[in-house]
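Colleague: pasting the sequence and the predicted coordinates here, then a few questions.
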Amino acid sequence: MYDYLIVGAGLFGNVWAHEATKRGKKCLVVDRRNHIGGNTYCENVEGINVHYYGAHIFHTNDKDIWDYVNSFVEFNRYTNSPVANYYGELYNLPFNMNTFYQMWKVRTPEEAKAKIQEQIEAANIKEPKNLEEQAISLVGTDIYEKLIKSYTEKQWGRKCVDLPAFIIKRLPVRFTFDNNYFNDRYQGIPIGGYNKLNEALLEGIDVRLGVDYFKNRAELDASAKQIVYTGQLDEYFDFKLGYLEYRSLRFEHQTLDTPNHQGNAVVNYTDGETAYTRIIEHKHFEFGTQDKTVITHEYPQEWTPGQEPYYPVNDDKNDKLLREYRKLVDAETNVIFGGRLAEYRYYDMHQVIGSALAKVRKHFGE
Ligand code: FAD
């Protein structure tokens, strides 16, 4: 008899399993996929760790979380510095002095600020009514037109004038020549890929892969005293109140017979004609020197039930449904719900690890 059945071998489930095992408990982890790691899973192709479910860059300001992950695997010094491609024009991201030089040939922060301010004033938007007006009132028309508009429309599958203003609260603008995308103190990629982290978390723990909880529910429930559930919240309740909606993605992985395709891990395509939003070249996450390279085209997609769920849609309709499902969660006594799917919220990796550690401490009364 196990103390805990953990449904889902993603970061939440794996941290939970590791911490419970450390406290002398016996755990069984099951996942319906044929691998561990959830969305952080890397597939080794030509010696390159391919981020199979989308590019994953670890970043955090929390020293405890950074020390925690580094206790399982060493991280490299990768710094996320994406490049935008707008009809062949290249711009550094996030918006910084390099971007402004590329856009307007301005060389000083004063010149860049004046250019942005001039465009904001010309647009004369007092109260932004939609995402387009909000973005222009923050960064002006050139940056909006070339680097925000079409990229955002591809991501959301809707026109910026039809998207609410609140989606963009701030647009970080940096008046230094600094292409580091994140402001966090710590950042990197596990040396050897994310599988190393997940394997270390699950070391010595029973794992069954290719096992769908719902297809084996009675047997699995009987095998453990308590359940930690990290799958989709609505699915746990057999979708009885309706479907929580997601935005989905499609990835096309491709191996190329060249050592270096685009010279950067992440290139965003910000024009409206290219159907994909990004090309990821995975070897650059780990400074790879292999003869070949693996690239992934990322296409945003509408989500229909049964498709891979990626980003929760936190609009009024789904938030209301979520509140109804949460009432059912409160009535479920022997199950701990955690992670991005069971909580129906977007978590970065450091956040989901933090959430799992906090729930463990609470559960064990520490
Ligand atoms: P998951 O990793 O989704 O794990 C849940 C697991 O449960 C899955 O393996 C699933 O197969 C399994 N499961 C579900 N239902 C069942 C069932 N019925 N039976 C058995 N198993 C089941 N975070 C960052 O910090 N940096 C990034 O750069 C970053 N990039 C991202 C890019 C994309 C495209 C996406 C979608 C997310 C990104 N994230 C990033 C977020 C990161 O992926 C999550 O924080 C993390 O994966 C959440 O872990 P989890 O355990 O909650 O969920």
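Modeller: In hand now; what should we look at? Numbers count the residues shown, from 1 in each chain.
Colleague: residue 345 against residue 314, yeah?
Modeller: Yes: look at residue 345 against residue 314 with Cβ atoms under 8 Å: they come within range, at 7.4 Å. Glycine gets a C-beta too; all of them are placed from N, C-alpha and C.
Colleague: near the ligand, which residues of the stretch 251-366 of the chain are found?
Modeller: Counting by Cβ under 6 Å from any ligand atom, the residues of the stretch 251-366 of the chain lying close to the ligand are 310, 339-341, 347-350, 352.
Colleague: ditto for the stretch 101-250 of the chain
Modeller: 212-214, 230-231, 249.
Colleague: make a ChimeraX selection of the buried ones in those.
Modeller: Selection command for ChimeraX covering only the buried members of these, criterion 16 or more other Cβ atoms under 10 Å:
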select :213,230,231,249
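Colleague: what about the residues of the stretch 101-250 of the chain next to the ligand, which are in strands?
Modeller: The strands, defined by DSSP state E, take in residue 249 from these.
Colleague: bridging residues for residue 299?
Modeller: Using DSSP bridges, the beta-bridge partners of residue 299 come out as residue 250.
Colleague: how far away is it from residue 157?
Modeller: Taking Cβ to Cβ, to the nearest Å as the measure, residue 299 falls 11 Å from residue 157.
Colleague: who has more neighbours out of these two?
Modeller: Taking other Cβ atoms under 10 Å, residue 299 and residue 157 do not tie; residue 299 has more neighbours (14 against 11).
Colleague: so that one makes contact with residue 248?
Modeller: No: with contact defined as Cβ under 8 Å, residue 299 and residue 248 do not form a contacting pair (9.4 Å).
Colleague: can I get the CA coordinates of stretch 96-112 in PDB?
Modeller: Taking only C-alpha atoms (Å, rounded to 0.1, in the frame of the first residue of the first chain), the coordinates of stretch 96-112 have been written out as PDB:
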ATOM      1  CA  ASN A  96      16.100  48.100 -25.300                       C
ATOM      2  CA  MET A  97      18.700  50.500 -26.700                       C
ATOM      3  CA  ASN A  98      19.700  47.900 -29.300                       C
ATOM      4  CA  THR A  99      16.100  47.700 -30.500                       C
ATOM      5  CA  PHE A 100      15.800  51.500 -30.700                       C
ATOM      6  CA  TYR A 101      19.100  51.800 -32.600                       C
ATOM      7  CA  GLN A 102      17.900  49.100 -35.100                       C
ATOM      8  CA  MET A 103      14.500  50.800 -35.400                       C
ATOM      9  CA  TRP A 104      15.500  54.500 -35.600                       C
ATOM     10  CA  LYS A 105      19.300  54.700 -35.500                       C
ATOM     11  CA  VAL A 106      19.000  56.600 -32.200                       C
ATOM     12  CA  ARG A 107      22.200  56.300 -30.200                       C
ATOM     13  CA  THR A 108      21.400  57.700 -26.700                       C
ATOM     14  CA  PRO A 109      18.600  57.100 -24.200                       C
ATOM     15  CA  GLU A 110      17.500  60.700 -24.500                       C
ATOM     16  CA  GLU A 111      17.000  60.300 -28.300                       C
ATOM     17  CA  ALA A 112      15.100  57.000 -27.800                       C
END
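Colleague: quick one: buried residues of that stretch?
Modeller: So, applying 16+ other Cβ under 10 Å, buried residues of stretch 96-112: 96-101, 103, 106, 112.
Colleague: next, give me the two most distant ones among the residues you listed.
Modeller: 96 and 106 (11.9 Å; Cβ to Cβ).
Colleague: so what's the residue count around residue 189?
Modeller: A total of 26 residues lie near residue 189 under the criterion other Cβ under 10 Å.
Colleague: surely it touches residue 59?
Modeller: No: counting by Cβ under 8 Å, residue 189 stays clear of residue 59, with 10.2 Å between them.
Colleague: so how far is residue 40 from residue 9?
Modeller: Taking Cβ to Cβ as the measure, residue 9 and residue 40 are separated by 10 Å.
Colleague: the helix or strand of the chain with the lowest mean pLDDT - contacts with which helices or strands?
Modeller: Evaluated with mean pLDDT, DSSP states H and E, the helix-and-strand set of the chain has its lowest mean pLDDT in strand 311-312, which scores a mean of 92. Counting by 3 or more Cβ pairs under 8 Å, 6 or more residues apart in numbering; DSSP states H and E, the packing neighbours recorded for strand 311-312 are strand 246-256.
Colleague: residues touching the strand it packs on, excluding its own?
Modeller: Strand 246-256 has contacts (Cβ atoms under 8 Å, 6 or more residues apart in numbering) with 45-46, 50, 52-54, 155-157, 276, 292-303, 307-313.
Colleague: separate out the buried members of the residues you listed.
Modeller: Buried residues within the contacts of strand 246-256, defined by neighbour count using 16+ other Cβ under 10 Å: 45-46, 50, 52-53, 155-156, 276, 292-298, 300, 303, 309-312.
Colleague: give me the number of neighbouring residues for residue 181.
Modeller: Counted with other Cβ under 10 Å, residues neighbouring residue 181 total 19.
Colleague: for residue 237, same thing?
Modeller: Burial measure for residue 237: 14 neighbouring residues, criterion other Cβ under 10 Å.
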